[in-house]
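Colleague: below is the sequence, then the predicted model.
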Amino acid sequence: MSKMIAIHSFRGGTGKSNLTANLAVAIALQGHRVAVVDTDLQSPGIHALFNIDDTRKHQTLNDYLWNHSSISDAAWDCSSDLGIKGKGKVFLIPSSLNANEIARIDSEGYKVSLLNSGFRRLIQDLQLDYLFIDTHPGISRETLLSIAISDLVLVILRPDRQDFQGTAVTVDVARQLTVQNIMLVINKVPSKIDFCTLQQQVEKTYQVPVAGHLPLVEDMALLSSSGLFCLKYPTHPLTQGFNQMAANILNPQTYIAPILCS
Amino acid sequence: MATANASTLNWTVFMEVALKNLLLFLPTLQPSRKFITYSLEDTQAQLRAEIGDMKRELAALKQEKAALELLLLTTKTEANKRQIQEMPIAINLDKIAHQVAEITQTDYFQQLQAEVESLRNFHC
């Protein structure tokens, strides 16, 4: 049974694309077939993490939305480039980096319902186990759709006053769309913050479980979106955090809380 | 030959003078002869006493080290306690209600809300 997972944040810069890409790869490394769709058509970015700098040589999500190609033709198999062997696969469906294409999205918009049928088609054609949707920050129509149809919604936030406010909006809207599984990920937590207390406060405030908390890591900043952290630093505590979340996604019945607070 | 005889004579004179001078200091060498006369029991007792002194010194050093370690640990713990911060989550409920209403009152949202079940069960 395939699962769709939307990863969302109310504001930009939360680390959403990094979380999406690293979780997808962590799951693929466990032998699963995974695809990542970059629905951040206005400001695409996740392609860089998969070392794709030029989308002109290949189809993109934009081509599918303008009816120039099937969505499956826009899927790039990144597995061998990432060194993923065996059954596990990672596909990326990037958004176009072409300035005219981005401007067209802004000016003309597109038929959002195409995303839903496209996601289902991808799952079927690529025989996916997991489909990750990297959403546009804020609450746009495509974000609402992605949240509504996903099996799991991960909302990522930083310990930041504006993120706290925006996350409350996202959670409230998701509840009105009767989203069943919604979890929070607290990212870029400074080491001086008491993780345990923060987690308890977040869970109490939003009445939503925390799937994971990830530390503020200088190595991630130094990587400067030029690769996948979990592959470059396989034993780093941040990678362990990604792996733990991946394990919880793969086996929700044996969910391990990120912190055991007494 | 004459030079060799002179050297031999000088050497004999030198040795005589040297032995006379050396014998003057013989009494001062007596303590070492006296030490040799110590019994084995005395030597063992003296060594045991020295070991006892060293043990006491080592115990004092250990105590000093332990006290320093404890001081450092306490200082570090207190520093950590001072560093760990709590981050209060302050959210404006009125503002949230307003922002949520702006989204949920749109035609798109209400249409999506009505169709969401069928969308979830959609198969291509």
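Modeller: Perfect, thanks for sending it.
Colleague: just the pLDDT at residue B:96, thanks.
Modeller: For residue B:96, the pLDDT comes out at 95.
Colleague: give me the element it is part of.
Modeller: Residue B:96 belongs to helix B:93-104 when assigned by DSSP states H and E.
Colleague: same for that helix, what does it pack against?
Modeller: helix A:161-176, helix B:107-120 (3 or more C-beta pairs under 8 Å, 6 or more residues apart in numbering or on different chains; DSSP states H and E). Quick note: C-beta positions are derived from backbone N, CA and C, even for glycine.
Colleague: just the C-alphas of that helix, formatted as CSV.
Modeller: Extracted in CSV, the C-alpha atoms of helix B:93-104 (Å, rounded to 0.1, in the frame of the first residue of the first chain):
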residue,chain,number,x,y,z
LEU,B,93,-5.4,33.3,18.9
ASP,B,94,-7.3,36.2,17.5
LYS,B,95,-4.8,36.6,14.7
ILE,B,96,-4.8,32.8,14.0
ALA,B,97,-8.7,32.8,13.8
HIS,B,98,-8.6,35.7,11.4
GLN,B,99,-5.9,34.0,9.2
VAL,B,100,-7.7,30.7,9.2
ALA,B,101,-11.0,32.3,8.3
GLU,B,102,-9.4,34.1,5.3
ILE,B,103,-8.4,30.7,4.0
THR,B,104,-11.4,28.6,4.8
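Colleague: the closest residue to residue A:159 other than its chain neighbours and residue A:221, how far apart?
Modeller: Nearest residue to residue A:159 in three dimensions, chain neighbours excluded: residue B:87, at 5.0 Å (C-beta to C-beta, 6 or more residues apart in numbering or on different chains). To residue A:221, residue B:87 is 21 Å away according to C-beta to C-beta, to the nearest Å.
Colleague: which one of these two has more residues nearby?
Modeller: Taking neighbours as other C-beta atoms under 10 Å in any protein chain shown, residue B:87 and residue A:221 compare with residue B:87 leading, 18 against 10.
Colleague: show the pLDDT at the residue nearest to residue A:159.
Modeller: 77.
Colleague: quick one, what contacts it?
Modeller: Neighbouring residues of residue B:87 by C-beta atoms under 8 Å, 6 or more residues apart in numbering or on different chains: A:159, A:193, A:198, A:201.
Colleague: taking those one by one, which sit in helices?
Modeller: A:198, A:201 (DSSP state H).
Colleague: mind listing the residues bridging to residue A:3?
Modeller: residue A:130 (DSSP bridges).
Colleague: how much space between it and residue A:19?
Modeller: For residue A:3, the distance to residue A:19 (C-beta to C-beta) stands at 16 Å.
Colleague: what mean pLDDT does the helix or strand containing residue A:23 get?
Modeller: Using DSSP H and E, the element containing residue A:23 is helix A:16-28. Per-residue pLDDT over helix A:16-28 has a mean of 96.
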